[in-house]
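>>> The following comprises the amino acid sequence and a computationally predicted model.
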Amino acid sequence: KKSVRDVEVTGKRVFVRVDFNVPLEDGKITDDTRIRETLPTIKYLVEKGAKVILASHMGRPKGEFVDSLRLTPAANRLSELLGKPVAKADEAIGDAVKAEIEKMNNGDILVLENVRFYPGEEKNDPELAKQFADLADLFVNDAFGAAHRAHASTEGIAHHLPAVSGLLMEKELDVLGKALTTPERPFTAIIGGSKVKDKIDVIDNLLNLADNVLIGGGLTYTFFKAQGHEIGKSLLDDSKLDVALGFIEKAKKLGKNFLLPEDIVITKEFSADAETRTVDIDQIPADWEGIDIGPKTRAKYAEVIKNSKLVVWNGPMGVFEIEPFSHGTREVAEACASTEGYTIIGGGDSAAAAEKFHLAEKMNHISTGGGASLEFMEGKELPGVVALNDK
Ligand code: 3PG
């Protein structure tokens, strides 16, 4: 795939799809990582004298203009980070936007309004894709975080303009792609999170690729139940008991080291001041629920991580947002931070955990994609990437 470096951009109107879908609280951005990660592409285009037109979604406004989901805070933050004015349009298509672009000088930046204010965006309406394309001479996709969505501004537009990847997109595909195709070994995958059904494909694919697969989080209890253990009030995905057993079988057949927790932290109540106990997995009382991996498990997982050359982590080990239930996730994050192996954090909750424990800087790569990195690790093609052509 060609990147923005491979094409002429000077003086061109460049439509750059970014993922500025950042968390907001009362109109303030609480984590600007995604904006900072797109700076290399934006700076590159500015330095080359392109007219930089940025497009993104924010939240899920379902095709309507929602004031709290405008891209104004993101545009302001970008301007602060660049130390340079950034214009912001109130729409993403139409004559007013065209007029603003008309006035742009080389090196100027214009942020369009939230593309999901238009019903055609998520429907990948060819008409909307054409209207986006009409604004520019070149399409650059730097929105790795939205690459698993086949939407008008991620996929559709690529059929109307020369389309290349941005520098963040290129980095994400390069790091994740190399890890999965030519991994350094031992390769350890850590998979957590609450629901088995969300992680089936990723467990399946990583069982093929990794040497060690470590399991934690709420999805664990479906495995325990499938093995005939009492799991009390722990999370259960009743329809996935066979799938869970299937993974244990598959791991055996492939000779993979598939680890489930040996001990867990349990509680009676889902709150920070609730009583907790640590028990072996066959000792969960009927009215308690598992909430984190226990100390024996943490030590064992940390040891495996320490001895790995490559670690890919997706999904927390427990309810890390609540202090007494956070130790498993914290210790896994610490092990990832201190191992000499290359560590990749697959976006979303595990990235948030690394951030919360101030360990983000110590990881080798934290993906800006949540759903996108998950689909990538499932071995799926991302429509936003497939659509990039070599015109
Ligand atoms: C994300 O936050 O994972 C991306 O921005 C995609 O958002 P979406 O799940 O609303 O499509």
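Arrived safely. Numbering: from 1, shown residues only.
>>> Can you give the domain ranges for the protein?
4-168, 183-377 (automatic domain parsing).
>>> got the end-to-end distance for the first one?
Criterion Cα to Cα, to the nearest Å; first-to-last residue distance in domain 4-168 is 11 Å.
>>> what's the nearest residue to the residue of the stretch 101-250 of the chain found nearest the ligand if we skip its chain neighbours?
Proximity to the ligand, evaluated over the stretch 101-250 of the chain using Cβ to the nearest ligand atom, is greatest for G145 at 4.3 Å. C-beta: built from backbone N, CA, C; applies to glycine. Take G145 and drop its neighbours on the chain: the residue closest to it by Cβ to Cβ, 6 or more residues apart in numbering is D19, 3.5 Å away.
>>> That neighbour and A143 touch, don't they?
Yes. Applying Cβ atoms under 8 Å, one finds D19 in contact with A143, separated by 4.1 Å.
>>> Let's have the domains of the chain in JSON lines, adding mean pLDDT.
As requested, the domains of the chain are exported to JSON lines (pLDDT from 0 to 100):
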{"stretch": "domain 4-168", "mean pLDDT": "97"}
{"stretch": "domain 183-377", "mean pLDDT": "96"}
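>>> between those, which gets nearest to A387?
domain 4-168 (3.7 Å; Cβ to Cβ).
>>> all helices of the stretch 51-200 of the chain, in order?
For the stretch 51-200 of the chain, the helices defined by DSSP state H, counting those that start in this stretch cover 72-82, 95-102, 119-123, 126-133, 167-181, 196-209.
>>> Now tell me what touches the second one from outside.
Right, helix 95-102. Helix 95-102 has contacts (Cβ atoms under 8 Å, 6 or more residues apart in numbering) with 13, 51, 53, 87, 89-91, 110, 112, 134-135.
>>> Please identify the buried residues of it?
97, 100-101 (16 or more other Cβ atoms under 10 Å).
>>> and of those, the nearest to E331?
V97 (49.8 Å).
>>> any idea how far the ligand is from that closest one?
22 Å (Cβ to the nearest ligand atom, to the nearest Å).
>>> Make residue 1 into 530 and carry on from there
Okay, using 530 as the starting number, the last item reads as V626.
>>> Report the separation between that residue and P590.
18 Å (Cβ to Cβ, to the nearest Å).
>>> Same check on R859?
Applying Cβ to Cβ to R859 and P590 gives a distance of 35 Å.
>>> The residue nearest to G674: neighbouring residues, count only.
As a burial measure, D548 scores 28 neighbours (other Cβ atoms under 10 Å).
>>> got it, and V772?
The burial count for V772: 17, using other Cβ under 10 Å.
>>> Not counting residues beside it along the chain, what's closest to it?
Nearest to V772 is I729, by Cβ to Cβ, 6+ apart, at 5.9 Å.
>>> I'd assumed S768 was in contact with the one you found.
No. I729 is not in contact with S768 according to Cβ under 8 Å; the separation is 11.0 Å.
>>> Among those two, which residue is more densely surrounded?
Taking other Cβ under 10 Å, I729 and S768 do not tie; I729 has more neighbours (18 against 10).
>>> wait, what's in contact with E884?
With Cβ under 8 Å, 6+ apart, E884 has these contacts: 560, 562.
>>> show me the residues around the residue of the stretch 630-779 of the chain closest to the ligand that make contact.
G674 neighbours (Cβ under 8 Å, 6+ apart): 548, 550, 563, 876, 897-901.
>>> Surely L553 and T559 touch.
Yes. Using Cβ under 8 Å, L553 is in contact with T559, at 7.0 Å.
>>> Alpha carbons only: can I get stretch 574-581 in PDB?
Taking Å, rounded to 0.1, in the frame of the first residue of the first chain, the C-alpha atoms of stretch 574-581 are listed here in PDB:
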ATOM      1  CA  LEU A 574       1.200  17.600   5.000                       C
ATOM      2  CA  VAL A 575       1.500  21.100   6.400                       C
ATOM      3  CA  GLU A 576       5.300  21.200   5.800                       C
ATOM      4  CA  LYS A 577       4.800  20.000   2.200                       C
ATOM      5  CA  GLY A 578       2.300  22.800   1.600                       C
ATOM      6  CA  ALA A 579      -0.900  20.800   1.200                       C
ATOM      7  CA  LYS A 580      -4.300  22.100   2.000                       C
ATOM      8  CA  VAL A 581      -5.200  19.800   4.900                       C
END
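>>> Tell me where the stretch 730-879 of the chain has strands.
741-744, 786-788, 792-796, 805-809, 818-822, 839-843, 871-874 (DSSP state E, counting those that start in this stretch).
>>> Up against the ligand, what does the chain have?
With Cβ under 6 Å from any ligand atom as the criterion, the chain comes near the ligand at residues 548, 550, 589, 674-675, 678, 899-900.
>>> can we see that at 8 Å?
Residues of the chain lying close to the ligand by Cβ under 8 Å from any ligand atom are 548, 550, 563, 586, 588-589, 672, 674-675, 677-678, 876-877, 898-901.
>>> picking up where we left off before, for A801, find the nearest of the helices of the stretch 580-729 of the chain.
Of all these, helix 725-738 comes closest under Cβ to Cβ, at 25.6 Å.
>>> so the closest one versus helix 696-710, what angle?
60 degrees (axes from the mean of the first three to the mean of the last three Cα atoms, to 10 degrees).
>>> ok now helix 725-738, how far from the chain's centre?
Put simply, helix 725-738 sits 16 Å off its chain's centre (Cα atoms, centre = their mean, to the nearest Å).
>>> Which strands or helices does it pack on?
strand 716-720, strand 741-744, helix 770-783, strand 839-843, helix 900-906 (3 or more Cβ pairs under 8 Å, 6 or more residues apart in numbering; DSSP states H and E).
>>> Out of those, the one nearest T868 is which?
strand 839-843 (6.3 Å).
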